[in-house]
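Visitor: Only the shape, not the letters, is given here:
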């Protein structure tokens, strides 16, 4: 029911947007002559960086190479995995319809399994424990695996509104699962401002996002069938997370720059309390040299 | 046979080596900065260029720039020169040295303009992938 209502909302937006499409391109004024941009944007950055993994039994994600692959047509665009269609382009904002793959799933690709032996000591004697669910004694010689449950990728469809001005740039977005994976949604807003002085460019950013219970519970909850001696059942609720970041570039040539960036993301409170989460945050950083082709 | 090979090699080397007597004196032209970064919303960047040249042989040179029909400055017979120029830069251009009479560029330096940001907001959207840090 929730999905169909959401799809109906998206359909209405597209239908309402249709008459506007013919005018969308001519609406944006050009304040000064700017060389025409290429449709393709290809870039690569080499350096060293890390993205921490908040999951238990997981490895942090090293970032040695960062690829930038994007294509921008008159209305369609592909931006590093996101497929978009420009609905409106007004002097003060641009609205796009975007299909993307949920990013929470990426953490689940870097997990390991740990084996745990359960025993208890009583009066100086080591005794086998009993399974609280079945009451049966646990074989101490048989290790119990502790591993993060598997999660699938979700394809999400949504709207994003991009705004900019002398005050900086901001975006509003709302995405809903259309693949039937988590059936949840996310609403977010972020803001950034770029200072450019000489060859140096510094862009701090902040963002806030709300993820509903369905999304959070699918990725970060522990379902009864996944629970056991090593993981207790857990239902993650909807909540608000936030992030802040800083991206710095020092341009060496027209196509080459030194890039240093850092990003801190605070997980939603209910996600942070999950038994499969060891850290309530995700920290990312990178320093290297980037080429734009 | 050996003599023929010697003359062949000598001829090849002779053709490959520069005829030093006819060459203009080597001149080194150094300009700072070489890159001008223009952010979105700005139409140009105001730069004070520091231009220095040095030659191994005293000669008369004129400093020129694209879109400037007249030389910016000429030096009488000198081994080096220095000049500063304020300029509002909007596109790539070059500074070069030439003899007072003639169009030959004895040394040239290209100044590049980089526009950061785009009028197409889609190009400014932030990627939100876990592996993306740039």
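Guide: Noted; the coordinates are in hand. Worth saying up front: this structure is predicted, and the values here are computed from it rather than measured. Residues are numbered from 1 along each chain as shown, chains lettered A, B, ... in the order given.

Visitor: Helix, strand, or coil at residue B:71?
Guide: Using DSSP: H, G, I helix; E, B strand; the rest coil, the structure places residue B:71 in coil.

Visitor: For residue 67, report the pLDDT, please.
Guide: You didn't pick a chain, so chain A it is. In this model, residue A:67 is scored at 88, pLDDT.

Visitor: that's the wrong chain, I wanted chain B
Guide: The model's pLDDT for residue B:67 equals 81.

Visitor: hang on, it packs against residue B:93?
Guide: Yes - using C-beta atoms under 8 Å, residue B:67 is in contact with residue B:93, at 6.5 Å. Glycine gets a C-beta too; all of them are placed from N, C-alpha and C.

Visitor: Tell me which of the two has more neighbours.
Guide: It is residue B:93, of residue B:67 and residue B:93, that has more neighbours when counted by other C-beta atoms under 10 Å in any protein chain shown, with 16 against 7.

Visitor: Give me the residue at the spatial middle of chain A.
Guide: The centroid of chain A falls nearest to residue A:103 when counting by C-alpha atoms, centre = their mean (3.7 Å).

Visitor: now chain B
Guide: Centre-nearest of chain B using C-alpha atoms, centre = their mean is residue B:109, 0.8 Å out.

Visitor: Count the residues that sit near the residue nearest to that one when sequence neighbours are not counted.
Guide: With C-beta to C-beta, 6 or more residues apart in numbering or on different chains as the criterion, residue B:109 has its nearest non-adjacent residue at 4.4 Å, and that residue is residue B:31. By the criterion of other C-beta under 10 Å, residue B:31 has 20 neighbours.

Visitor: so for the strand or helix carrying residue B:31, what's the average pLDDT?
Guide: In this structure, residue B:31 sits in strand B:27-32 according to DSSP states H and E. The average pLDDT within strand B:27-32 is 94.

Visitor: Please give the centre-to-centre distance between it and its chain.
Guide: Mean-position distance between strand B:27-32 and its chain equals 7 Å (C-alpha atoms, centre = their mean, to the nearest Å).

Visitor: do stretch A:182-200 as well
Guide: 12 Å.

Visitor: Residue A:40: how many residues sit nearby?
Guide: Around residue A:40 sit 11 other residues, with neighbours defined as other C-beta under 10 Å.

Visitor: How about it: which residues does it bridge to?
Guide: When assigned by DSSP bridges, residue A:40 has beta-bridge partners residue A:71.

Visitor: thinking it is in contact with residue A:73, fair?
Guide: No - counting by C-beta under 8 Å, residue A:40 does not reach residue A:73; the two are 10.4 Å apart.
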